[in-house]
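J.: how would this look folded up:
(one chain, ligands or ions: 1)
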Amino acid sequence: MFYEMTIAGCKRQLPLCPVNDELYIAAFIMFNDVEVTRAAAKELLAKAPEFDVVVTAEAKGIPLAYEMARQAGNKDYVVCRKGFKLYMRNVIETSVDSITTDHLQKLCIDQDDVETLKGRRVLIVDDVVSTGESLNSIEALLKQIDLTIVGRMCVLAEGEAATRGDITYLNELPVFNPDGTVKE
Ligand SMILES: O=P(O)(O)OC[C@H]1O[C@H](OP(=O)(O)OP(=O)(O)O)[C@H](O)[C@@H]1O
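T.: Numbers count the residues shown, from 1 in each chain. This is a model prediction of the structure:
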């Protein structure tokens, strides 16, 4: 089963995947899709406030954050990692429980990221916002730094995320019943 939609001018068929016995979601994977990544970055930037740094969470938000930073004139971007790496110093961390991952994940940034973010105007971006847990976790990390969050953007706002007033997005993404019909 697929859900067909047009994202930033690109028609795509998103495969439906089970979350549980009652809920299916459409998988939007920007990895391997340069055309959608570039087009979505361009459309989001057209709606974006002034910013200095793009921030996202590992992993699927990374190509979008990179491309937005690049198209905006090679601005900085910071990736909140989902695991500690040996080269990271003075790590600050929080946990994240997203809709598409079946276990609690960690989010962390290190001293170099903090230096990049300090005193800057920060734009948080992700491929999808669904429960909003990933966004909350990114914000929990950023709260520990003296910076200004100027916007929250995603390509697709899934389910009830589309009714939030604090996210700018390109398209709504419905959630589905097990037979592939859209959940009302
Ligand atoms: O609003 P939420 O319910 O948090 O869901 C949205 C998040 O879930 C997905 O990532 P996921 O955590 O599955 O990890 P991945 O990008 O590493 O695959 C997606 O890329 C968002 O970051």
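J.: next, count neighbours for residue 95.
T.: 12 (other C-beta atoms under 10 Å). Quick note: C-beta positions are derived from backbone N, CA and C, even for glycine.
J.: just residue 119 next, same as before
T.: 10.
J.: report pLDDT for it.
T.: At residue 119, the pLDDT value in this model is 98.
J.: same check on residue 32?
T.: Looking at residue 32, the pLDDT reads 92.
J.: assign it to helix, strand or coil.
T.: coil (DSSP: H, G, I helix; E, B strand; the rest coil).
J.: okay, which residue is most central for this protein?
T.: When C-alpha atoms, centre = their mean is applied to the chain, the residue found nearest the centroid is residue 126 (1.3 Å).
J.: just checking, it touches residue 57?
T.: Yes. Contact criterion C-beta atoms under 8 Å: residue 126 and residue 57 qualify, at 6.5 Å.
J.: shared neighbours, the two?
T.: Here residue 126 and residue 57 have residue 134 as joint contacts, going by C-beta atoms under 8 Å, 6 or more residues apart in numbering.
J.: who's in contact with the residue nearest to the centre of the chain?
T.: So residue 126 contacts 56, 57, 60, 61, 64, 134, 135, 153, 154 (C-beta under 8 Å, 6+ apart).
J.: let's have the residues you listed in a markdown table, adding distance to the ligand.
T.: Shown next, in a markdown table, are the contacts of residue 126 (distance: C-beta to the nearest ligand atom, whole Å):
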| residue | distance to the ligand |
| --- | --- |
| 56 | 8 |
| 57 | 5 |
| 60 | 3 |
| 61 | 6 |
| 64 | 9 |
| 134 | 3 |
| 135 | 6 |
| 153 | 12 |
| 154 | 8 |
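J.: give me the neighbour count for the nearest residue to residue 132 once chain neighbours are set aside.
T.: Among residues not flanking residue 132 along the chain, residue 161 sits closest, at 6.1 Å (C-beta to C-beta, 6 or more residues apart in numbering). Neighbour count for residue 161, taken as other C-beta under 10 Å: 20.
J.: now do the strands in this protein.
T.: Here the chain has its strands, by DSSP state E, at 2-7, 10-18, 24-26, 53-57, 76-80, 92-96, 105-109, 121-129, 148-158, 168-173.
J.: so which elements touch the last one?
T.: For strand 168-173, the helices and strands in contact under the criterion 3 or more C-beta pairs under 8 Å, 6 or more residues apart in numbering; DSSP states H and E are strand 2-7, helix 34-47, strand 148-158.
J.: low-confidence stretches in this structure?
T.: Counting by pLDDT under 70, the chain shows no low-confidence range.
J.: what distance do you get for the residue of it most remote from its centre to residue 22?
T.: Distance from the centre of the chain peaks at residue 179, with 27.5 Å (C-alpha atoms, centre = their mean). Separation of residue 179 from residue 22 (C-beta to C-beta, to the nearest Å) stands at 11 Å.
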